[in-house]
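Enquirer: Requesting a structural model of the entry that follows:
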Amino acid sequence: MKRVKLVVAYDGTNYRGWQVQPNGVTIEGELNAALTDLLGEEIRVDGASRTDSGVHSMGNVAIFDTDTRMPAEKISFALNQRLPADIVVQESCEVESGWHPRHCESTKTYEYRILNRMFPLPTRRLDTYFYHYPLDAERMRAAAGLLEGTHDFKSFCSIHTGAKTTVRTIYTCDVSRKDDIITIRISGNGFLYNMVRIIAGTLIPIGAGQMEPEEMIRILEARDRAAAGPTAPAQGLTMMGILFEKNQ
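Expert: Predicted coordinates for the structure are as follows:
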């Protein structure tokens, strides 16, 4: 028996999120079916991040155990022949039998992208959130920087969370603009349910001039979901990748 790690990129548009659901197609379900078919044994993957319906990824991580004699690094090539075009395994490799992506220290990075222009672009409708009122990226950047550090992020967490603690550490939170795309890029040691989308939904009215950047401090200190902005739509969010301390 060996443990294999997968780095998985996907367009989440047509899926009900990562985790297997009783009434919808999911990323995890597609991986399980393709691996079971490829290896001739029942496979169940376990992911590092259970992204929501419509959320994308450039590098989510999953593991599974197998008895196959196929070299771990070759599994990605064979697996991609069985997966739909909107799910592609970027890498497969063998890891220690006890290694698990959710049980070791790591840095996760997300990007939330906003298409900020007068009219939408059909080619960006699936990976950005269209917002036609003008946004000031500098105001958004000033507010985003106030989130860096270790804080109680209860204001930026869905009320449906099952987390034991709402304290998280954000290493960097930046906002940049290139042409009509505003990108919120955030890295941290972990994220609460809908946390990045709520942060994006709070930065947008700040960029629109409806709140001052300094309001972010009050929102953090309130520890109340009602104090923050709305949850921004899923399609603008992409998990960029996970960096593990032991480089697994």
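Enquirer: Span of stretch 223-241 from start to end?
Expert: Using CA to CA, to the nearest Å, the span of stretch 223-241 from its first residue to its last is 28 Å.
Enquirer: Please apply the same query to stretch 92-106.
Expert: Termini of stretch 92-106 sit 18 Å apart (CA to CA).
Enquirer: Stretch 155-168 now?
Expert: 12 Å.
Enquirer: do stretch 33-44 as well
Expert: Stretch 33-44: ends 9 Å apart by CA to CA.
Enquirer: can you pull the buried residues of it?
Expert: 34-35, 38-39, 43 (16 or more other CB atoms under 10 Å). (C-beta placed from N, C-alpha, C; glycine too.)
Enquirer: Rebuild those residues as CSV, extending it with distance to residue 125 and pLDDT.
Expert: CSV is the format used below for the buried residues of stretch 33-44 (distance: CB to CB, whole Å; pLDDT from 0 to 100):
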residue, distance to residue 125, pLDDT
34, 28, 98
35, 31, 98
38, 33, 98
39, 37, 97
43, 34, 98
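Enquirer: just the residues you listed now: which is nearest residue 85?
Expert: residue 34 (12.6 Å; CB to CB).
Enquirer: ok, the residue nearest to the closest one when sequence neighbours are not counted - contacts?
Expert: Nearest residue to residue 34, sequence neighbours excluded (CB to CB, 6 or more residues apart in numbering): residue 82, at 4.0 Å. Counting by CB atoms under 8 Å, 6 or more residues apart in numbering, residue 82 touches 34, 37-38.
Enquirer: ok, residue 82 to residue 105 distance?
Expert: Separation of residue 82 from residue 105 (CB to CB, to the nearest Å): 33 Å.
Enquirer: So in terms of bridging, what pairs with the nearest residue to residue 57 once chain neighbours are set aside?
Expert: Closest residue in space to residue 57, ignoring its immediate chain neighbours: residue 239 at 4.2 Å, by CB to CB, 6+ apart. Note on residue 239: beta-bridge partners by DSSP bridges are residue 57, residue 110.
Enquirer: Residue 178 now?
Expert: Going by DSSP bridges, residue 178 forms beta bridges with residue 181.
Enquirer: ok, how many other residues are close to it?
Expert: 8 (other CB atoms under 10 Å).
Enquirer: picking up where we left off before, mind checking which of the contacts of residue 82 land in helices?
Expert: 34, 37-38 (DSSP state H).
Enquirer: from those, which single one is nearest residue 11?
Expert: For the ones in helices among the contacts of residue 82, the nearest to residue 11 is residue 34 (16.2 Å; CB to CB).
Enquirer: who's in contact with residue 223?
Expert: Listed by CB under 8 Å, 6+ apart, the contact set of residue 223 reads 152, 154-155, 166.
Enquirer: do the same with residue 205
Expert: Applying CB under 8 Å, 6+ apart, the residues near residue 205 are 211, 229.
Enquirer: Can you tell me how far it is from residue 186?
Expert: 18 Å.
Enquirer: Equivalent analysis for residue 83, please.
Expert: 28 Å.
Enquirer: Between those two, tell me which one has more neighbours.
Expert: A count of neighbours by other CB under 10 Å puts residue 186 above the other of residue 83 and residue 186, at 24 against 19.
Enquirer: Give me the nearest residue to that one, chain neighbours excluded.
Expert: residue 173 (4.6 Å).
Enquirer: Show me where this protein has its strands.
Expert: For the chain, strands defined by DSSP state E occupy the ranges 2-10, 46-47, 56-66, 87-95, 106-115, 129-130, 149-152, 167-178, 181-188, 237-244.
Enquirer: Right, I'll call it a day here.
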